[in-house]
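> Just need the structure, nothing else, for what follows:
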Amino acid sequence: GPAVAAGTLLVASPEAVCIANGLTFALSALLIVGLRFGERRVEARAQSGLGASLLADARRGLVATARMPGVRALVLAGSAVGLFAGMLNVGELFLAKSELGVGSSAFSALVAVYGAGVIVGSLASSKGGSLPELKRRFMLGLLLVAAGLAGSALAPVYASALVTFAVCGVGNGLILVNERLLLQAVVPDGLMGRVFGVRDTLGAWAFALAFILAGGVLVVMDTRAVFALAGAGAFAVLALAILTLRRTWTEDTGPAA
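Here you go, the predicted model:
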């Protein structure tokens, strides 16, 4: 997505990109509107009392996630790093134009490099693997995101920012894929929807808070402070993830959640 948008910005206006993006959502709605999502299951859930309350379903999902220590730590780490990685979206334009002194085309290339990194990180994890391998790649993703954010705060020239953005993108791709592969491997089928619902909810709130936090930092400090804070936060998430998951999903313990 970022890579396509960056390429489009070279030949079209931001307004055109936003309109095209909106049309993709309209197309998605048209494609799924005719799908049948199991009305019989919905009726069965209604008759059994399940799904009667959205808040009750949300509470069940939180309780189910909290009762699995490894899953709980994984979900919290993935959501927390999303908070700090999301700050990049606020600071990247200011970093490019105000700190590094480049134009719109160079900024587009910066976004494209990040998007390409996400693709590389995702493809590198597509083969799956054992639980210890998935966990190691998840941890590597956390490390790369933290290093990319901190490196961007210190980037002296545009070329170095290209490298740090690419590193951050690769880390993001590793996190996204390996976190989901781990959840699919260790969460029981009956709880899969609830756990993923919790993860997506926390991730959405984290991304929203990233804009508020980054905006506040920009008001009182500068762009590089945004990236420095984001990098420090990501390193803290990595340290906590290593601590809480050190005995989980190892060669000895196997697939215990």
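> low pLDDT regions in the stretch 151-257 of the chain?
Per-residue confidence for the stretch 151-257 of the chain (pLDDT under 70) gives these ranges: 251-257.
> ok, now the stretch 1-150 of the chain?
Low-confidence segments of the stretch 1-150 of the chain, defined by pLDDT under 70: 2-3, 37-54.
> what are the ranges of the helices in it?
Under the criterion DSSP state H, counting those that start in this stretch, the stretch 1-150 of the chain contains helices at 2-9, 14-32, 39-48, 54-66, 69-94, 104-124, 131-154.
> now those as a markdown table including distance to Ala214?
Backbone N, C-alpha and C define where each C-beta goes, glycine included. Conversion of the helices of the stretch 1-150 of the chain to a markdown table gives the following (distance: least, CB to CB, whole Å):
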| stretch | distance to Ala214 |
| --- | --- |
| helix 2-9 | 17 |
| helix 14-32 | 20 |
| helix 39-48 | 40 |
| helix 54-66 | 27 |
| helix 69-94 | 4 |
| helix 104-124 | 16 |
| helix 131-154 | 11 |
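> Go through these and name the closest to Leu245.
For the helices of the stretch 1-150 of the chain, distance to Leu245 was read as CB to CB. The smallest value, 5.4 Å, belongs to helix 69-94.
> who's in contact with Leu181?
Counting by CB atoms under 8 Å, 6 or more residues apart in numbering, Leu181 makes contact with Ser125, Gly128, Gly129, Leu134.
> try 10 Å this time
Contacts of Leu181 were listed using CB atoms under 10 Å, 6 or more residues apart in numbering, and they are Ser125, Ser126, Lys127, Gly128, Gly129, Leu131, Glu133, Leu134, Arg137, Phe138.
> can you give me phi and psi for it?
Comment: the main-chain dihedrals of Leu181 come out as phi -60, psi -40, following degrees, to the nearest 10.
> Distance of it relative to Trp249?
To Trp249, Leu181 is 11 Å away according to CB to CB, to the nearest Å.
> between the two, what contacts are shared?
Contact with both Leu181 and Trp249 is made by residues Leu131, Glu133, Leu134, Phe138, according to CB under 10 Å, 6+ apart.
> For Ala161, state which of those residues is nearest.
When the shared contacts of Leu181 and Trp249 are compared for distance to Ala161, the smallest value, 25.5 Å, is given by Phe138; criterion: CB to CB.
> can I get the shared contacts of Leu181 and Trp249 in CSV with distance to Leu174 and neighbour count?
Written out in CSV, the entries for these read as follows (distance: CB to CB, whole Å; neighbours: other CB atoms under 10 Å):
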residue, distance to Leu174, neighbour count
Leu131, 15, 20
Glu133, 12, 15
Leu134, 10, 24
Phe138, 7, 27
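> Need the residue closest to the centroid of the protein.
Central residue of the chain (CA atoms, centre = their mean): Gly82, 4.8 Å from the mean position.
> OK, contacts around it?
Gly82 makes contact with 145, 172, 175-176, 199, 202-207, 209-210, 234, 237 under the criterion CB under 10 Å, 6+ apart.
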